[in-house]
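Chemist: quick one, structure for this:
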Amino acid sequence: MLYKTTIKTPLGLMIAIANDTIIRLLQWHDSKKITAQLKSLSQSLIEQETDLLRTLKNQLDAYFSNTLKQFTLPLSPIGTQFQQTTWNALSKIPYRTSISYKQLALELNAPSSFRAVARANACNPIVIIIPCHRVIASSGKIHGYVGGIDRKEALLNLEGRSI
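Modeler: Here you go, the predicted structure:
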């Protein structure tokens, strides 16, 4: 059984989906990716806030209050092996740190695959917790974010990483 809830944040509404034990999706409600990601979760969704979804909400509140630097939630994003590898690497980017798509590709031992890394980054189904917002262009500029450039900049600023 999959449960869905809407979470209010300072940067807008988010949709969260989980079963009893793992988070499957956390996306901005106005993201273009949300429709496709919801379709990929073919089981029927029950609109209900479970213990796990309440814990997610509490951790997001703490993150936005700048009192939580590391999420401790069980995650199971749905994606290809390459996407999973990329998202695992994203999860290791420390709070208050950013890296470039090229640096991320190098860490994955795929130096010529920075575009594929960028695509995997854009397909991240569990934003903020898998911190795809911490990946920026080699020039230091902010490019693309499923929640919009303004949100990406706000998340980086919240973490103390000025752009």
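
Chemist: and residue 24, that's in a helix?
Modeler: No. Counting by DSSP: H, G, I helix; E, B strand; the rest coil, one finds residue 24 to be strand, located in no helix.

Chemist: and the longest helix along the chain, how far from the chain's centre?
Modeler: Selection of the longest helix in the chain by residue count, based on DSSP state H, yields helix 51-64. How far helix 51-64 lies from its chain's middle: 14 Å, per CA atoms, centre = their mean, to the nearest Å.

Chemist: can you check stretch 10-25 too?
Modeler: A distance of 10 Å separates the centroid of the chain from that of stretch 10-25, by CA atoms, centre = their mean.

Chemist: still on that earlier bit, need the residues that contact the next helix or strand after the longest helix of the chain.
Modeler: The helix or strand immediately downstream of helix 51-64 is helix 81-90, counting by DSSP states H and E. The contact list for helix 81-90 (CB atoms under 8 Å, 6 or more residues apart in numbering) reads 77, 79, 104, 107-108, 116-117, 120-121, 123-124, 126, 130-132, 134-135. The C-beta positions use only the backbone N, C-alpha and C, and glycine is treated the same way.

Chemist: beyond the helix or strand bottoming out on mean pLDDT in the chain, next helix or strand please.
Modeler: Within the chain, no helix or strand scores below helix 33-40, which has a mean of 66 by mean pLDDT, DSSP states H and E. The helix or strand immediately downstream of helix 33-40 is strand 45-47, counting by DSSP H and E.

Chemist: output the contacting helices and strands for that next one.
Modeler: strand 2-9 (3 or more CB pairs under 8 Å, 6 or more residues apart in numbering; DSSP states H and E).

Chemist: parallel or antiparallel, which strands does the strand it packs on pair with?
Modeler: strand 12-18 (antiparallel), strand 45-47 (parallel) (DSSP bridges).

Chemist: could you measure residue 150 against residue 30, distance?
Modeler: In this view, residue 150 and residue 30 are 12 Å apart by CB to CB, to the nearest Å.

Chemist: thank you kindly, that will do.
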